[in-house]
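# Provided below are the primary sequence and the corresponding predicted coordinates.
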There are 2 protein chains.
Amino acid sequence: MTDTRQKTLDYARQHHEQFLADLKSLIAIPSVSMQDAHKADMQRAAEWLANKLRALGMENVQVLPTAKHPVVFGEWLGAGKGAPTLLIYGHYDVQPVDPLDLWKTQPYEATQQGDLLFGRGASDMKGQVMATLAAVESLVRTAGLPVNVKWLIEGEEEMGSPSMETFLPAHKDLLAADFCLNPDAGMIAADKPTITYGLRGLAYFEVHVWGPNHDLHSGLYGGTIHNPAQALIELIAGMHDAQGRVTLPGFYDAVRPVSAEEHAEMSKLPMDEAFYQAQTGVPALWGEPEYLPVERTSARPTLEVNGFLAGYTGEGSKTVLPARAMAKLSCRLVPDQDAHEVHRQLLRYMEEKAPKTIHWEVKLLNAGPTAITNRHLPAVQAMARAMQAAWGVQPLFKREGGSIPIVALLQRNLGAESILCGAGLPEDNVHAPNERLHLPTWYKAIEAYIHFFYNLA
Amino acid sequence: MTDTRQKTLDYARQHHEQFLADLKSLIAIPSVSMQDAHKADMQRAAEWLANKLRALGMENVQVLPTAKHPVVFGEWLGAGKGAPTLLIYGHYDVQPVDPLDLWKTQPYEATQQGDLLFGRGASDMKGQVMATLAAVESLVRTAGLPVNVKWLIEGEEEMGSPSMETFLPAHKDLLAADFCLNPDAGMIAADKPTITYGLRGLAYFEVHVWGPNHDLHSGLYGGTIHNPAQALIELIAGMHDAQGRVTLPGFYDAVRPVSAEEHAEMSKLPMDEAFYQAQTGVPALWGEPEYLPVERTSARPTLEVNGFLAGYTGEGSKTVLPARAMAKLSCRLVPDQDAHEVHRQLLRYMEEKAPKTIHWEVKLLNAGPTAITNRHLPAVQAMARAMQAAWGVQPLFKREGGSIPIVALLQRNLGAESILCGAGLPEDNVHAPNERLHLPTWYKAIEAYIHFFYNLA
């Protein structure tokens, strides 16, 4: 290890208390993006971060307005045109704190108990943003930044990043970067550094089926009218085969197969049957038998029933033959599936299978793209070596079952791949009472980011 | 025709105005059994009927209390032990009148427009009760009653006759009769007198399925957890085969086949495909292809989805993998099926088909017996000949898809078969705004009942 790198790491180790104090200050601002009452707090949190960036010598620092909450921007391009430019992504908004009575500490008064720091946003993701700031501070105060950096810290992630769709194309030049560091993805366990390289996309539908023009008496009409609830049930039941595979025509045509290399890596993840059973309490797992549980939740597409409503669902026994039924269905998609193509597949399925006895309609409510990063990119490998240096073990590579819309938006608008990582742990209670951050892991993440910067240069 | 019979018929024809005035007086009492605000009106309606019975020379007239609303009883046994005893059933309670703004006349101010009398209860069933009273009055004022009669006029039919379950066994001797006249079943059309000889029974279930111990993120778990909504959907879809037959094990074992004679009679009923399509607006009918539509709604058992609730059913696209799902299912049963046996069949089906990936529970909420009357009984034939005399055409025999609990209760407690008839028409708007009675049909029904009494003697 070079002397400068060691100096930077030493700086970080000597400033744990200050980093922690900074994080507590940011947590103290109740920046809940979903609640109008916190509009001023949102602005306050953005200004706080802007000032922090200025203090670190960032230039062109701006709090840029959007239709809803402002975006914090800043940059330092002193490494020159020959050096790569890294975009550091973060969000300063947090989830609401209700139910407040389940919190054991005050959510906006970050409280340390042993290795844990409790507070709203401690893990998701004020702690993660502050870890990148701490790494950059350590570099700036010692050897200087070896690469160019830009910051994109938004205030609407917990609302689904609605402004990013227009903000990114409108600020394409300002944000232009070679790749992006996104520490919002977390790790599998405190001793298992993790790089997430794939995210599933989403196609969310509402399906309506109706037959009679009003609710009928099930005694007078039952047996001769196709019950719309039953018809929709029969249609949905047919959307999976006995092995749990989705039967929409062509559904798997665009699915990128899991490579032998990926399969071998996924086999090493500590997410086996027992893990999923312990997490959920189900009596047995389900799904495509030829894939690992973790492959099924991340590298394979799905079709889920998110909601179903028909007829009478109150107390007692109303003998209604309902006039209509509604289901909310959604597909988690994997590369190279496309939500709009899956919409057409669902329409084709309905055209082929829906009986003549009913009417139907399918609405596409939401379409989110899939994302996958080439794990062999130099920047990804730079992060892998950084994690190895910080934790002493090789990182695990995983694909995530959920969606982070910003990742595909950055790919599409800036051509920038994201390196998805972070110090968040599964037991951090994100979006829930008693959110917490594991400080030893957080300190390791700061060191990993320092290594990452040096590895990029 | 004998002179006395003609005299009785003449009396009836000469008293149309008075019968109509009596009916209007009864309609004016808002005897809504379901609404506590009308408790005093219920008592008033019962007293009104008791006084009417007394005025016709009925003896031992009583307004008998029950847990909810009183029962009107009266009898005349002057025909002697050698003559048969007829129990005349009726109910004086009516459905609520909401939505009031859709009524074109005042619901409790019976209003004649041409051949129609508008008002709540005009058809269901104050008009029907008054037709039996008018027939008995015509007999009492001319030749006298040729048979013994008893009256059972309850106030809870629109609530499902809850008190009858205990009232009938508690008053077995008082109510003892050879058969029962129940004019609550109506006819197919004004020119088609109808005798209903079968009613379907009911077995109503709630089925719960659950898997994970809390709602899950569909992105993180989708593909490896069996969605309880999907599991319940798959189970319910399997409860019918491609021909619309119910697949519960042994479901059809106790079903009495439709005889060639019944089939021939049902073929004559004006309830074909076009009828059901016009009534409901469905694009096509459904059900067991080898049976007529009217056989499927009356002589064949069914399994219906009355309600289904799972997951998120509000606006927008919540990506939840719900922890549980619930369905309300009910079977309409035909002789000789038994609701408790069908409950066991459903349990057996679930034991065989429910996957190991979920937990389930089945609750029986309601069990109602089937009923069928021997159409060749002398009393039924007496009514058939009476209708032929009144309408000039032979009556149609039909089975009803719904349930009238009192019919099976009378069979079970008194051993008395019911002759199900009435002057109600499908277009009478029962249970709806602008309920009405077709007066020419009502007058014919009064004459038919007079003929019936003479035919019984």
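On my side now, so go ahead.
# neighbours around the residue in the stretch 351-457 of chain A that chain B sits nearest to, how many?
Nearest residue of the stretch 351-457 of chain A to chain B: residue A:402, at 3.2 Å (CB to the nearest CB). For every residue, glycine as well, the C-beta is placed using N, CA and C. A count of neighbours around residue A:402, defined by other CB atoms under 10 Å in any protein chain shown, yields 20.
# and stretch A:330-350, what's buried?
A:330-335, A:337-339, A:342-343, A:345-346, A:349-350 (16 or more other CB atoms under 10 Å in any protein chain shown).
# same check on stretch A:85-103?
Across stretch A:85-103, burial judged by 16+ other CB under 10 Å covers A:85-97, A:103.
# returning to what we had before: which ones are touching the residue of the stretch 351-457 of chain A closest to chain B?
A:199-200, B:217, B:219-220 (CB atoms under 8 Å, 6 or more residues apart in numbering or on different chains).
# coming back round to it: in strands only, show me the buried residues of stretch A:330-350.
A:330-333 (DSSP state E).
# can you mark which positions in stretch A:25-41 are buried?
For stretch A:25-41, by 16+ other CB under 10 Å, it's A:26-33, A:38, A:41.
# closest to residue B:268 among those residues?
Distance to residue B:268 across the buried residues of stretch A:25-41 (CB to CB) is lowest for residue A:33, with 69.9 Å.
# for that closest one, list the residues it contacts.
Per CB under 8 Å, 6+ apart, neighbours of residue A:33: A:42, A:68-69, A:93-94, A:155-159.
# of those, which is the most crowded?
Counting by other CB under 10 Å, top hit in those: residue A:94 with 32 neighbours.
# list the contacts for that one?
A:30-33, A:120-121, A:124, A:126, A:158.
# out of those residues, which sit inside helices?
residue A:126 (DSSP state H).
# still on that earlier bit, quick one: which of the contacts of residue A:402 sit in strands?
A:199, B:217.
# between the contacts of residue A:402, which sits nearest residue A:413?
residue A:199 (16.2 Å).
# now the residue lying farthest from the centre of chain A: how far from chain B?
The centre of chain A is farthest from one residue, residue A:220, which by CA atoms, centre = their mean lies 51.0 Å away. Counting by CB to the nearest CB, to the nearest Å, the separation of residue A:220 from chain B is 5 Å.
# any weak-confidence spans in chain A?
A:1 (pLDDT under 70).
# would you map out the domains in it?
If you go by automatic domain parsing, the domain ranges for chain A are A:3-199+A:370-456, A:201-255+A:301-368.
# on that earlier part again, nearest to residue A:373, of the contacts of residue A:94?
For the contacts of residue A:94, the nearest to residue A:373 is residue A:124 (21.1 Å; CB to CB).
# what's the burial count for that closest one?
25.
# related to what we said a few turns ago, tell me which two in the buried residues of stretch A:25-41 are the farthest apart.
A:28 and A:33 (16.6 Å).
# just the ones of the buried residues of stretch A:85-103 in strands?
Using DSSP E, these in strands are A:85-91.
# can you redo the residues you listed as TSV with distance to residue B:424?
Shown next, in TSV, are those (distance: CB to CB, whole Å):
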residue	distance to residue B:424
A:85	83
A:86	81
A:87	76
A:88	77
A:89	71
A:90	72
A:91	67
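# nearest to chain B among the residues you listed?
Looking across those and measuring by CB to the nearest CB, the closest to chain B is residue A:91, at 17.9 Å.
# name whatever forms a beta bridge with the closest one.
In this entry, residue A:91 is beta-bridged to residue A:154, by DSSP bridges.
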